[in-house]
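Asks: Got a predicted structure plus its sequence, pasted below:
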Amino acid sequence: MVGCTGSMPGPESPASCYLVEHEGFRLLLDLGNGAFGVLQGLIDIASVDAVFLTHLHADHCLDVAPFVVWRRYSGRSPGPLVPLYAPVAAERRLALAYDADGDGLTDVFDFVPVGPGALQIGPFQAQLARTAHPVECYAIRLSAGGRSLVYTGDTGPCPRVVDLARGADVLLAEAAHPDVDPAQPPGLHLTGRQAGEHAAAAGVGRLLLTHVPPFVDGQAQLAAACTAFPTSELVRPLAVYQL
Ligand SMILES: [Zn+2]
Ligand SMILES: [Zn+2]
């Protein structure tokens with residue numbers, strides 16, 4: 001858990017970024033604001049093999065910019081391009097986030113546009129499903145060594161996410177909205193209870209709650225999730241999970 005705060009970096013954690021490792025392959029799921037700082041304390045940046053961005057909201061992608069700076073100017077950059085899997089138009093959007101001229105980042109990344117369906121990322125068999133979110137966003141299921149992890153990215157209630165997560169060992173689910181928020185727009189985020197309901201409907205082995213904003217009570221989100229999935233857990237910054 002490189003960064004697990006929702007919608008923005010918080011005082012205790014960067015925004016969304018999860019490092020997934022298998023057989024020495026290092027995949028970053030999202031690279032939200034603040035994450036690159038913490039990441040440098042965890043691994044050698046040169047060892048990142050691939051990056052997957054669920055979508056292009058700031059809290060999931062903005063630290064691509066310092067990643068580019070490191071690769072260009074640290075003098076410690078390995079040669080090969082880093083595959084960057086993301087929704088269509090990520091290349092342009094991230095280039096503009098880096099620099100007003102929008103010069104390409106193709107000296108650092110090999111941009112791979114993604115859509116619903118299957119793809120291979122290193123040793124991981126990946127499956128993507130479009131979530132319920134205002135911008136194009138993909139939940140991802142990673143399978144390797146007989147184990148499976150599903151990360152929702154950002155989503156409102158979504159049957160496609162339940163289908164993607166069916167029988168997974170671990171569901172890493174966003175739970176950004178308080179259950180008591182009367183102004184909650186549909187198709188944006190899950191409440192804690194909804195995250196628990198998605199986990200129960202999918203029959204996952206374990207539910208990890210993440211993406212709780214700094215201004216939302218994480219323990220309340222956890223309690224709400226537990227009403228539908230009693231063994232729900234709330235992730236902590238820097239926590240490590242063995243699948
Ligand atoms: Zn988000
Ligand atoms: Zn979002």
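Replies: Right, received. Where do you want to start? Ligands and ions are numbered 1, 2, ... in the order given.
Asks: Thought residue 121 was touching residue 50, still the case?
Replies: Yes: proximity of residue 50 to residue 121 meets the contact threshold set by Cβ atoms under 8 Å, at 5.5 Å. (Each C-beta comes from the backbone N, C-alpha and C, glycine too.)
Asks: Now do the shared contacts for these two.
Replies: Taking Cβ atoms under 8 Å, 6 or more residues apart in numbering as the contact rule, residue 50 and residue 121 both touch 27, 83, 85.
Asks: For the strand or helix carrying the second one, give me every contacting residue.
Replies: It refers to residue 83. According to DSSP states H and E, residue 83 maps onto strand 82-86. Residues outside strand 82-86 that contact it (Cβ under 8 Å, 6+ apart) are 48-53, 55-56, 61, 64, 71, 90, 94, 108-114, 119, 121.
Asks: Which members of the residues you listed occur in helices, if any?
Replies: Within the contacts of strand 82-86, residues falling in helices by DSSP state H are 61, 64, 71, 90, 94.
Asks: so which of those residues comes closest to ligand 1?
Replies: Closest approach to ligand 1 among these (Cβ to the ion): residue 61, at 9.8 Å.
Asks: Distance check, the closest one against residue 127.
Replies: Counting by Cβ to Cβ, to the nearest Å, the gap from residue 61 to residue 127 is 21 Å.
Asks: And the two? Which one has more around it.
Replies: Taking neighbours as other Cβ atoms under 10 Å, residue 61 and residue 127 compare with residue 61 leading, 26 against 19.
Asks: Which pLDDT does the model give the more buried one?
Replies: Residue 61 carries a pLDDT score of 98 in this model.
Asks: who touches it in this structure?
Replies: With contact taken as Cβ under 8 Å, 6+ apart, residue 61 is in contact with 30-32, 53, 55, 86, 90, 93-94, 97.
Asks: let's see 6 Å
Replies: Contact analysis of residue 61 by Cβ atoms under 6 Å, 6 or more residues apart in numbering lists residue 53.
Asks: Do a quick rundown of the strands in the chain.
Replies: Taking DSSP state E as the test, the strands found in the chain are 18-22, 25-29, 50-52, 82-86, 109-113, 117-121, 124-130, 138-144, 147-151, 170-174, 206-210, 233-234.
Asks: Sketch out the low-pLDDT regions of the chain for me.
Replies: Applying pLDDT under 70 to the chain picks out residues 182-183.
Asks: and it, which of its residues are near ligand 2?
Replies: Counting by Cβ under 5 Å from the ion, the positions of the chain adjacent to ligand 2 are 57, 154.
Asks: re earlier: ranking the strands of the chain by burial, who's on top?
Replies: strand 170-174 (a mean of 28; mean count of other Cβ atoms under 10 Å).
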